Structures are given as structure tokens and as C-alpha cells.
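1. Prediction below, plus the sequence it came from.
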Amino acid sequence: MSRIVSYRGLLADGAQERIPLQTIRGETGYRIVELEIMPNTPGVGDVDHILQVFTIQQSAASATVDFSAQELIGAALFRQDANYVDITGRMGSAVIFDNIIFNQDIFITLKNARGNAVPCNYLVKLEQMRLAHDEATVATLKDIRNND
């Protein structure tokens with residue numbers, strides 16, 4: 001049986017936040033089911049917010065999104081032009097790699113590609129599931145490999 005857990009917060013431009021999910025035995029798995037972002041002050045400012053979710057800690061937040069990066073499990077974009085119009089619509093757009101199951105902490109980064117130091121809200125919803133011992137081992141080993 002699975003359930004949905006939500007994490008939300010406000011990230012400063014260039015910031016990174018850890019979502020603590022790791023357990024001792026690693027038998028609780030997660031998968032992203034929803035990812036949303038909204039500016040701290042909607043309708044104010046000229047922004048290109050890029051939010052990314054990783055399975056490993058990043059050295060710095062980046063505006064570059066690379067779908068071939070194995071540690072990337074989700075990304076969201078919110079664009080607002082100088083006339084304060086939401087260019088992306090629906091409060092941004094998101095891409096989620098929902099086939100990836102993880103059992104370790106995740107890391108969320110935010111970067112404004114336009115250089116304005118404007119904070120942004122995020123909401124990430126995770127499906128929580130019980131992993132069998134062999135599934136937990138595989139998920140943990142994948143995380144260890146990504147850290148190398």
C-alpha cells in the first residue's frame with residue numbers, strides 16, 4: 001500500500017535544500033508524482049526560475065538542465081516576462097521521471113537564469129511505498145553509484 005507525502009518550501013536563488021528520506025534499512029521507497037513551483041511574489045519581476053530535484057547533493061545550483069544526468073529525477077520551469085505575464089502557463093511546467101524509485105535523501109536546487117535574486121516556492125509530492133529487501137538493496141546501490 002502506498003501513500004502520498006508532500007514537502008514544500010521557499011528557496012532563495014542559488015540555494016539547495018535537502019529533503020530527508022533516508023532510513024536505516026532503506027525499505028521505504030519514493031517516487032515523484034507531482035512537482036510545482038510558484039514565485040514568492042507572483043506578478044512581480046522578470047524571472048526564469050529553474051528548479052531541479054536530484055538524488056545526490058549538488059556543488060551549486062545551475063540553470064542548465066541535463067536529462068542525461070542519472071541523478072536528476074525532476075525539473076520545473078517558471079517564466080515570467082518583463083510585463084509580468086506567466087509565459088509558461090499553469091504556474092510553470094514540470095518534467096518528472098516517475099519511473100525512478102529512490103530510498104535516500106533528495107536535493108532541490110533553484111536558479112534564476114535571468115540573474116535576479118528572487119526566491120521561489122516549491123511543492124513536491126512523493127508516493128511512498130514499501131520496498132522488499134532486494135528492491136531496497138538495488139535502490140541503495142544505485143544511489144551509492146551516483147555518488148561516485
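-> Looks like it came in fine.
2. all helices for this protein, in order.
-> 133-146 (DSSP state H).
3. Quick one: the strands in it, in order.
-> 3-11, 16-19, 28-39, 47-54, 72-80, 93-96, 106-112, 120-130 (DSSP state E).
4. Please report how far Asp13 lies from Leu35.
-> Distance of Asp13 to Leu35, computed by C-beta to C-beta, to the nearest Å: 18 Å. Yep, even glycine has a C-beta here, placed from its N, CA and C like the rest.
5. Select the helix or strand of the protein having the lowest average pLDDT value.
-> Every helix and strand of the chain was ranked by mean pLDDT, DSSP states H and E. The lowest is helix 133-146, at a mean of 67.
6. what stretches of this protein score poorly on pLDDT?
-> 1, 82-92, 138-148 (pLDDT under 70).
7. contacts for stretch 21-34?
-> 4-5, 53, 73-74, 94, 96-106, 123-133, 135-137, 139-140 (C-beta atoms under 8 Å, 6 or more residues apart in numbering).
8. Now the residue most central in space within the chain: closest residue in space that isn't a chain neighbour?
-> The residue lying closest to the centre of the chain (C-alpha atoms, centre = their mean) is Val53, at 2.6 Å. With sequence-adjacent residues excluded and distances taken as C-beta to C-beta, 6 or more residues apart in numbering, Val53 is closest to Gly74, at 3.9 Å.
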